[in-house]
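J.: Need a 3D model of the sequence below.
(one chain, ligands or ions: 2)
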Amino acid sequence: MAPAQELPPETEAVQLGDAAEKSRVTVVGSGNWGSVAAKLIASNTLRLPSFHDEVRMWVFEEILPSGEKLTDVINSTNENVKYLPGIKLGNNVVADPDLENAVKDANMLVFVTPHQFVEGICKRLVGKVKERVEAISLIKGMEVKMEGPCMISSLISEQLGINCCVLMGANIANEIAVEKFSEATVGYRENREIAEKWVKLFSTPYFMVSPVQDVEGVELCGTLKNVVAIAAGFVDGLEMGNNTKAAIMRIGLREMKAFSKLLFPSVKDTTFFESCGVADLITTCLGGRNRKVAEAFAKNGGKRSFDELEAEMLQGQKLQGVSTARELYEVLSHRGWLELFPLFATVHEISSGRLLPSAIVEYSEHKPNFSVVQGSAQYY
Ligand SMILES: NC(=O)C1=CN([C@@H]2O[C@H](COP(=O)(O)OP(=O)(O)OC[C@H]3O[C@@H](n4cnc5c(N)ncnc54)[C@H](O)[C@@H]3O)[C@@H](O)[C@H]2O)C=CC1
Ligand SMILES: O=C(CO)COP(=O)(O)O
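T.: Ligands and ions are numbered 1, 2, ... in the order given. Now for the predicted structure:
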């Protein structure tokens, strides 16, 4: 591959922009990916005249074993010592434990927390954000409501009354933190100009971002691949080898595509070939946290719970795949789709203790066999 090129400077019109027009960015979240996102953004706000230098980062406050507050340590060392140790975030990143204060001046909000916390955060933000704020979600997950599944970007949009794009991709945070080359996809609904602004805010020579007009497709890719990664981890824990894992990834990708299109017929086939699709599926099944903890779960024969393993192995970082599998299962049962998605369904049945990890490749009643289902379902 050709060496990464320097990014072009902003156009003269943007450079001459009045200071009042500059955008202020706040990152809502400061976990492993949240901290890397703040670092990426902070390198660009310093470089690009259309943004204020400072990047606020809302921190869910916690007390470290040393007795110090995480926020204080981030601000004095410029490192998130708990979730991204050893990496300088940039002196223009300011950690703020006060959610309202962190967002009040922002006109660009980057949401990047584990998905289970977003609804509570949005409730606290109602009426507290600026009027014409733009948002982007880096969160991989969904909520299930009485009315059906609700993507996180829609939840943010609906609760706060603001537009919300998404950024997803093959983005293991620790690799991007040390500036190894990777790609990402920005999903947007209608406004290409806003999408381009997000692309500009995130792009660096080692982080190449492309816009795609398919917000649901991009977000569902990022969400569903975490369930496939749990299946890949089971296969690793059972030492079933590369062919089996490749089969799981292939079947998983087909289920991702089928489910996405059933839910949103507008989802584009081409989205699955972007970084948010097949590339994210591969990297997560090879090197992600969901895979790692699912491997340990299978090695223990399902006798130690995911919660216990997550706490022990990830030390505060959160898995998304197990809860997404549960949420997905609710949708599949409610709509009578369980038989169409045997891989998704089996992941939940194993992770909730109803089946043994070996069931991931076994015959069962609702799973006649994977190939029959693939051949017959019109949705594939
Ligand atoms: N880490 C990675 O490599 C990548 C993660 N993502 C996605 O980004 C999202 C955020 O993940 P990470 O930044 O890695 O977080 P993480 O997994 O490091 O999660 C821990 C974060 O949750 C916070 N937290 C704990 N309890 C909380 C509460 N009650 N309310 C609010 N926050 C609380 C912690 O303070 C910490 O900031 C997830 O949806 C994940 O799937 C996406 C791409 C890569
Ligand atoms: O989404 C990710 C990479 O793109 C990270 O996946 P894990 O949460 O499994 O580490």
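J.: Which neighbouring residues are in contact with the residue in the chain positioned nearest to ligand 2, exactly?
T.: Taking CB to the nearest ligand atom, ligand 2 has its nearest neighbour within the chain at residue 288, 2.7 Å off. No exception for glycine: its C-beta is placed from N, CA and C like everyone else's. Residue 288 makes contacts with 172, 226, 229, as judged by CB atoms under 8 Å, 6 or more residues apart in numbering.
J.: Now do the biggest strand by length in the chain: which elements does it pack against?
T.: For the chain, the strand that runs over the most residues, judged by DSSP state E, is strand 51-58. Secondary-structure packing of strand 51-58 (3 or more CB pairs under 8 Å, 6 or more residues apart in numbering; DSSP states H and E): strand 23-28, helix 32-47, strand 93-96, helix 99-103.
J.: quick one: is that strand near ligand 1?
T.: No: counting by CB under 6 Å from any ligand atom, ligand 1 has no neighbours in strand 51-58; the shortest distance is 9.0 Å.
J.: Dump the helices and strands packed on strand 51-58 to JSON lines, plus mean neighbour count and distance to ligand 2.
T.: Output for these, formatted as JSON lines (neighbours: other CB atoms under 10 Å; distance: least, CB to the nearest ligand atom, whole Å):
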{"stretch": "strand 23-28", "mean neighbour count": "24", "distance to ligand 2": "17"}
{"stretch": "helix 32-47", "mean neighbour count": "23", "distance to ligand 2": "7"}
{"stretch": "strand 93-96", "mean neighbour count": "22", "distance to ligand 2": "21"}
{"stretch": "helix 99-103", "mean neighbour count": "18", "distance to ligand 2": "23"}
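J.: So for residue 123, which of those sits nearest?
T.: helix 99-103 (10.7 Å; CB to CB).
J.: Which residues does that closest one contact?
T.: 26, 28, 56, 57, 58, 96, 109, 121, 124, 125, 128, 129.
J.: Filter those residues down to the buried ones.
T.: By neighbour count, with 16 or more other CB atoms under 10 Å, the contacts of helix 99-103 hold 26, 28, 56, 57, 58, 96, 109, 121, 125, 129 as buried.
J.: Quick check, residue 28 in contact with residue 108.
T.: No: Residue 28 sits out of contact with residue 108 when judged by CB atoms under 8 Å, with a separation of 11.0 Å.
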